[in-house]
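Novice: coords below, sequence missing:
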C-alpha cells in the first residue's frame, strides 16, 4: 500500500477511535474499542514508522546542503 494511503488509513482509524469515545455513553466500551484498534494497527504503524524514518533520513541529507537561488551569500 502506498505511503500516503497508509497514512490516511491510520489517521482515519485514529479519528474513528476518537469519535467512538465521544459518542459512546460507555467509556469502558469505547476505550476497549480504541485499544483493540490500536493493537490491530500496530503492525502497520511499525512499518510506516520504519519506512518514514528511512525516507526522512534520506531526504534530510540533500536538503541540508541545498542552496536556494534566492538566498543571499554573506561572504
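Specialist: Great, that's in hand. These figures come from a predicted structure and were not determined experimentally.

Novice: can you give me the helices for the protein?
Specialist: 3-23, 27-65 (DSSP state H).

Novice: and those as CSV, adding mean neighbour count?
Specialist: (C-beta placed from N, C-alpha, C; glycine too.) CSV is the format used below for those (neighbours: other C-beta atoms under 10 Å):
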stretch, mean neighbour count
helix 3-23, 13
helix 27-65, 11
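
Novice: any regions of this protein where pLDDT drops low?
Specialist: 1, 50-75 (pLDDT under 70).

Novice: and the closest residue to residue 18 other than its chain neighbours, what does it touch?
Specialist: Distance criterion C-beta to C-beta, 6 or more residues apart in numbering; nearest residue to residue 18, sequence neighbours excluded, is residue 34 at 7.9 Å. The neighbourhood of residue 34, defined by C-beta atoms under 8 Å, 6 or more residues apart in numbering, consists of 17, 18, 20, 21.

Novice: could you redo the last one with a cut-off of 7 Å?
Specialist: Residues near residue 34 by C-beta atoms under 7 Å, 6 or more residues apart in numbering: 17, 20, 21.
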